[in-house]
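A.B. asks: Okay, structure incoming, though there's no sequence with it:
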């Protein structure tokens, strides 16, 4: 009988100790929770030209690591599409266009924050082919001859996107008429530069006109680079949009894009950073 009582007492003591430890653990967790309140997150929404997909995605991840309370969300598409979305009221903090035209139109309509615009990057336009391409041409001039004879399937951007607009200038210089080439079945279109590079990479066409940086990212070969005389200067302006919900944080991110940490990411695929 004494042995049974002893066992009961021991069990009660053990239970009390365990319960006490549990309460102490809960108390400690509560103290830790109250000592480290959740960090309030700020979201920066960036509308950027599709040709910036790889570089900005990498830079955005690095920025978030440096700034735990900030989340950078990107919307990549053609500059024309992004412009229309902003005009229609889409929430954005920053717009980076692949050409001044779309930025000019947004600025004129009051969608850009006064004094926030600057020329950010410079790119080049190239004649690109996939590896193992059977067609032999090394210059835009040679391309002109082959397209006039409709000897190669060719991809370009739509006329409402910057890469397509630069292409039309090149065609004009070469005496090529896109409507005639289209009727002859020579041309294939892309709604942004990524669609053009995909058509070249997958062999849907023999060649196309894209940005130098996209040729690098897609592993294409640039056989010729368009001069400024041929298509104009390829400048990417950046600015805060009028719908910004986090103006100060968006400005900090814009400043970071021109920093010594971010510049190499742009430069390694061929961009020239204009912002100092």
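C.D. replies: Thanks, I have the structure now. Everything numeric in this text was worked out from a predicted model, so none of it was measured.
A.B. asks: which phi and psi does the residue nearest to residue 175 when sequence neighbours are not counted have?
C.D. replies: Distances taken as CB to CB, 6 or more residues apart in numbering put residue 144 closest to residue 175, at 6.8 Å, once the chain neighbours are dropped. Just so you know, the C-beta spots here come from the backbone N, C-alpha and C atoms, and that holds for glycine as well. Main-chain torsions, residue 144, degrees, to the nearest 10: phi -60, psi -40.
A.B. asks: which ones are touching residue 144?
C.D. replies: Counting by CB atoms under 8 Å, 6 or more residues apart in numbering, residue 144 touches 174-176.
A.B. asks: Quickly find the element holding the residue nearest the centre of the chain.
C.D. replies: Relative to the mean C-alpha position of the chain, the nearest C-alpha, by CA atoms, centre = their mean, is the one of residue 53, at 2.7 Å. Taking DSSP states H and E as the criterion, residue 53 maps to helix 53-66.
A.B. asks: In PyMOL, how would I select the buried members of the contacts of residue 144?
C.D. replies: The buried residues among the contacts of residue 144 can be selected in PyMOL (16 or more other CB atoms under 10 Å) with this line:
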select buried, resi 176
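A.B. asks: List just the nearest of the contacts of residue 144 to residue 212.
C.D. replies: Closest approach to residue 212 among the contacts of residue 144 (CB to CB): residue 174, at 19.0 Å.
A.B. asks: Report how many residues lie close to the closest residue to residue 71 other than its chain neighbours.
C.D. replies: Leaving aside its chain neighbours, residue 71 sits nearest to residue 43 (4.9 Å; criterion: CB to CB, 6+ apart). Neighbour count for residue 43, taken as other CB atoms under 10 Å: 13.
A.B. asks: got a list of what the nearest residue to residue 226 once chain neighbours are set aside touches?
C.D. replies: Sequence neighbours aside, residue 125 is the residue nearest to residue 226 in space, at 4.3 Å (criterion: CB to CB, 6+ apart). By CB under 8 Å, 6+ apart, residue 125 lies in contact with 163, 166-167, 170, 209-212, 225-226, 231, 234.
A.B. asks: let's see it at 10 Å
C.D. replies: Applying CB atoms under 10 Å, 6 or more residues apart in numbering to residue 125 gives the contacts 140, 162-163, 166-167, 169-170, 193, 209-212, 214-215, 222, 224-228, 230-232, 234.
A.B. asks: what about the residue nearest to the centre of the chain, distance to residue 171?
C.D. replies: Using CB to CB, to the nearest Å, residue 53 is found at 26 Å from residue 171.
A.B. asks: Was I right to think residue 148 contacts residue 181?
C.D. replies: Yes. Taking contacts as CB atoms under 10 Å, residue 148 lies within contact range of residue 181: 8.4 Å.
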